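Trainee: here is a sequence with its predicted model. Questions after.
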Amino acid sequence: MGISNWPWVEKPGEHEVVAASEAHVEGILDVLTSVASEERWIGTELPFDRNARRLGIQATIERADALVLVALANGVVVGELTLRASAGGQNRTPVGS
């Protein structure tokens, strides 16, 4: 089932998920700012160091062991997901434990 079949998507192609690039960084920061202002869903609080976050996001996008995805609505970033490979040897609790 493709995204165009989801009931909340009004028109095919209006929404898409793509690998993030440097062009998406400001949009990712805007989403982070918006969600942080709700003071509910994430631990990030306003104000945060936008430049430091920008550099961190850019570095993550460039990492070979990470994947940053962005959700776009009409070309505007409306969501972000970052996945990183776990560093070997570290004690991590498996998901669901």
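Mentor: Yes, it's here. Numbering: from 1, shown residues only.
Trainee: which residues in this structure form strands?
Mentor: Counting by DSSP state E, the chain has strands at residues 15-19, 66-73, 76-84.
Trainee: can you tell which of the ones you listed is closest to residue 47?
Mentor: Of all the strands of the chain, strand 76-84 sits nearest to residue 47, with 19.2 Å by CB to CB. All C-beta spots, glycine's among them, are computed from the backbone N, C-alpha and C.
Trainee: buried residues, that closest one. List them.
Mentor: Residues of strand 76-84 classed as buried by neighbour count (16 or more other CB atoms under 10 Å): 77, 80.
Trainee: for stretch 21-36, buried residues please.
Mentor: 24-25, 27-29, 31-32, 36.
Trainee: in helices, which of the residues you listed fall?
Mentor: Judged by DSSP state H, the buried residues of stretch 21-36 include 25, 27-29, 31-32, 36 as members of helices.
Trainee: output the below-cut-off pLDDT ranges for the protein.
Mentor: 1-13, 87-97 (pLDDT under 70).
Trainee: at 80 what do you get?
Mentor: 1-14, 41, 86-97 (pLDDT under 80).
Trainee: what are the bridge partners for the residue positioned nearest the centre of the chain, then?
Mentor: The centroid of the chain falls nearest to residue 80 when counting by CA atoms, centre = their mean (1.8 Å). Note on residue 80: beta-bridge partners by DSSP bridges are residue 70.
Trainee: wouldn't it be in contact with residue 61 here?
Mentor: No: assessed by CB atoms under 8 Å, residue 80 is found out of contact with residue 61, at 10.6 Å.
Trainee: give me the common contacts of these two.
Mentor: Contact criterion CB atoms under 8 Å, 6 or more residues apart in numbering; residues bridging residue 80 and residue 61 by contacting each: 20, 68.
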